[in-house]
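A.B. asks: What shape does this take:
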Amino acid sequence: MFTDELRDPEETTAEAVRADYEATLSGVVEEAGVDDVTAASGVAEGVLEALANGESPELTVEEAAGVLAASDDYPPADALLAEVQDHLMLQMSSAVMDVDALASGLDDDYDAKELQQKLEGRQPMTLAEYARIHRYIASENPY
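C.D. replies: Below you'll find the predicted structure:
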């Protein structure tokens, strides 16, 4: 889910990408139930309830992977995280983009080192940050 190709990324906003991610997470919570997802993922009940109610709580990519892993439809959280990291790196390679170019393109307060650490999983990345990064890289890809 987090590594799906984005349709028309130039016309898609990071907020829309995040909303798609959250809708999928909400579906998992609704299907499995808040208690089971909390037990499986370690994500607080209040956060999961907010997701189920259509809100946009602060979640890290790691927490989101834990939520997805609570469903039989998705692989374990560690496999999902590895897939996310691989996907971003491959897409950056395809776009011939390094972290300096990514940081510059995001027009944010990221420096290249911080961004590299987030991409490698050495620093937490929020779902909102991931949506923004994923959308930007996809928009720069020549496919």
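A.B. asks: which ones are touching residue 136?
C.D. replies: Listed by CB atoms under 8 Å, 6 or more residues apart in numbering, the contact set of residue 136 reads 14, 102, 105-106. Using the backbone N, CA and C atoms, a C-beta is placed for each residue, glycine as well.
A.B. asks: So it versus residue 94, what's the distance?
C.D. replies: In this view, residue 136 and residue 94 are 13 Å apart by CB to CB, to the nearest Å.
A.B. asks: measure stretch 68-76 end to end?
C.D. replies: In stretch 68-76, first residue to last residue: 8 Å (CA to CA, to the nearest Å).
A.B. asks: Quick check: buried residues in that stretch?
C.D. replies: For stretch 68-76, a neighbour-count test (16 or more other CB atoms under 10 Å) marks 68-71, 74 as buried.
A.B. asks: I only care about the contacts of residue 136 that end up buried; give me the PyMOL line for that.
C.D. replies: Per 16+ other CB under 10 Å, the buried members of the contacts of residue 136 correspond to this PyMOL selection:
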select buried, resi 14+102+106
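A.B. asks: That concludes my questions; thank you for your assistance.
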